[in-house]
Each structure stands twice: as C-alpha cells, then as structure tokens.
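K.L.:
pasted the sequence and its predicted model underneath.
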Amino acid sequence: MITAHNLSRRFGNKTIFSELSFTVEPGSTLGLLGNNGAGKSTLIHVLSGLISSNEGYAEIEGYRTDNPAQLRLLKSHIGLMPEFSSLNPDLSGYEQVQFSGLLYQCSEAQIRKATEELIPYLFENPDDLQMRCRVYSTGMKKKLSFILALMHQPEVLLLDEPFSGLDPRTSRKVIGLLNQYKASGRTALVSSHHLGYTGQTATHIAVLHEGKFVFEGGISAFTRDGATQLDESLHQLLGDSQSDEQAPSLF
C-alpha cells in the first residue's frame, strides 16, 4: 500500500509538484500519466527514497520516507525500475542477478526463480545474460531491470517507463506479469507514455500537470466507461491544442 501525505518537491526555485496526497490500495495499479517534465519520475524517486521531499512524506507498507531508519527498511519492500538503466556495465546479466540477490538478501528459491523462470520467459535467448550489460540494447536493459525489480517479490512496485524499448510481444508478457502481481494483492505504480499498455494493467489513473493531480480516479471514470481511449481522455483533460495545429512545412 502506498499513501502520500502532502508531498512537495522543489529544485531551486522550480516547484516540481506540491501538496500531493493519494493512496494506492493493495491489489491496485496506479497509472501515472502526464506530459514530459510533469514530475512523474521525480515523484517515483521520492516514493522510493532516492531523493527526499521538501514537505510531506509517503508511507509504504507502514514505513515512512521521512524517517531514515524506516527508509532503510522500506527499500527491501519495494521493487524499483527507473526509466534509465542503473545496471553495472561491467557485470554480465547473470552476475547482475546474483549481485542484486545479495543486496536484497534473496533466498536461493527467489534467485532460482529469476534465473530459471523469469529470464527464459522474457529473453528469447537466455545466453544473452552471459554478456556484459554494457553491450545490452535498450530493450535488454529494460527486461533485466524488470526482473531485478521483481526477483525479491516486493509488496510494492514502482515502475518508470517499463514499456519503453520493448517489442510488442515482450510488452504483452510484462503486462501479464503485472496483472499476476496485481491479482496477488500487491500494489504497483506505473508511469508510462505507452497508454495502450497502461490501460491493460492499471486499475486507477492519476494525471500530473503543473505540479498537481488534475485527475485521480478509476480507469473507467477516466475513459467514461470505455467511451474514449486513454490517449483521447488525456488529450481532452490537458487541452493540448498544439497537437492539432498544422505542422510547419520543412521540405
């Protein structure tokens, strides 16, 4: 479970978001939407404890992000997948799995599930995991990062652009795993510009715009019970009239 209490974050004089309060219940997946630069990644970084909030705090599985002692314990209960890879380029994929297993104090069964089930499921050629991460494509990095976020079976998942760089077949597999995760009663927050994929796993939608949530509610309410697509609903909400303007003549 995720509960945010009046979260605010600034960088210098720039306010990224202010006084955000929301809850994501167990068994729910919140799709976090918004334009580039809206602050979605910053919010995920605050929730995961990578950066602190200026005001307010979040409570995840009973652990508060403004309490240093609780924050250290919190990190073993969340699975974080950042937008950009944090893999060690000098490790092979399998070494990265082993290393992350040590960091999260995974059991042998959890490491075995990652290497014998998740890797073959997401990688068409598991031998790719023998290569150093420095030569991985964007899609390979995404798949491995997703495995690392899941392998310790966390209660909460925080995923930033998990579908970016993935082919449609792998994206469907990730959606299937996320829906299994949701059905197990766990909690997820997914930030993504791939709205079609988001709509296949999210139960709720929050739209971050100019530092505030301009919508927060069930996906059926956001799409008017399916009368509109996610992208159309987002376009109407944000009133992005520039997307309708005629493109300049370049050729």
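P.N.:
Received the coordinates, thanks.

K.L.:
got the contact list for the residue positioned nearest the centre of the chain?
P.N.:
By C-alpha atoms, centre = their mean, the mean C-alpha position of the chain lies nearest to Leu159, the distance being 1.3 Å. By C-beta atoms under 8 Å, 6 or more residues apart in numbering, the contact set of Leu159 is 81, 146, 149, 188-192. (Each C-beta comes from the backbone N, C-alpha and C, glycine too.)

K.L.:
now do 10 Å
P.N.:
Neighbouring residues of Leu159 by C-beta atoms under 10 Å, 6 or more residues apart in numbering: 29, 32, 44, 79-83, 145-146, 149-150, 174, 178, 188-192, 201.

K.L.:
buried subset of those?
P.N.:
Neighbour counting with 16 or more other C-beta atoms under 10 Å marks 29, 32, 44, 79-83, 145-146, 149-150, 174, 178, 188-192, 201 as buried within the contacts of Leu159.

K.L.:
just the ones of those residues in strands?
P.N.:
Among those, the members falling in strands (DSSP state E) are 29, 32, 79-81, 188-191.

K.L.:
need these in TSV (columns: distance to Gly49).
P.N.:
Below are those laid out as TSV (distance: C-beta to C-beta, whole Å):
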residue	distance to Gly49
Thr29	21
Leu32	17
Gly79	13
Leu80	9
Met81	15
Ala188	17
Leu189	14
Val190	18
Ser191	17
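
K.L.:
just the closest of the residues you listed to Leu129, please.
P.N.:
Taking C-beta to C-beta as the measure, Leu129 sits nearest to Met81 out of those, at 17.4 Å.

K.L.:
I figured the closest one hits Glu161, correct?
P.N.:
Yes: between Met81 and Glu161 there is a contact at 8.5 Å, judged by C-beta atoms under 10 Å.

K.L.:
any common contacting residues for these two?
P.N.:
By C-beta under 10 Å, 6+ apart, Met81 and Glu161 have these common neighbours: 44, 142, 190-191.

K.L.:
show me the two of those residues that sit farthest apart.
P.N.:
Longest span within those, C-beta to C-beta: Ile44 and Lys142, 15.4 Å.

K.L.:
looking at the ones in strands among the buried ones among the contacts of Leu159, which is nearest Ala109?
P.N.:
For these, the nearest to Ala109 is Gly79 (16.9 Å; C-beta to C-beta).

K.L.:
how close does that closest one sit to Leu208?
P.N.:
21 Å (C-beta to C-beta, to the nearest Å).

K.L.:
and the strands in this structure?
P.N.:
Using DSSP E, strands in the chain cover 2-11, 14-24, 29-33, 55-60, 63-64, 78-81, 156-160, 187-191, 204-209, 212-218.

K.L.:
what's the fourth one packed up against?
P.N.:
Looking back up the chat, that one is strand 55-60. The contact analysis (3 or more C-beta pairs under 10 Å, 6 or more residues apart in numbering; DSSP states H and E) places strand 55-60 against strand 2-11, strand 14-24, helix 40-48, helix 68-74.

K.L.:
okay if I get these as CSV plus mean pLDDT and distance to Asp90?
P.N.:
Formatted as CSV, those follow (pLDDT from 0 to 100; distance: least, C-beta to C-beta, whole Å):
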stretch, mean pLDDT, distance to Asp90
strand 2-11, 96, 31
strand 14-24, 96, 33
helix 40-48, 96, 24
helix 68-74, 88, 26
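
K.L.:
can you put these in a markdown table and add distance to Cys133?
P.N.:
Formatted as a markdown table, these follow (distance: least, C-beta to C-beta, whole Å):
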| stretch | distance to Cys133 |
| --- | --- |
| strand 2-11 | 29 |
| strand 14-24 | 30 |
| helix 40-48 | 21 |
| helix 68-74 | 26 |
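
K.L.:
right, and those - which one's nearest Leu103?
P.N.:
So among those, helix 68-74 is nearest, using C-beta to C-beta, at 12.4 Å.

K.L.:
just the residues contacting the closest one, thanks.
P.N.:
Contacts for helix 68-74 (C-beta under 10 Å, 6+ apart): 47-49, 52, 57-65, 67, 156.
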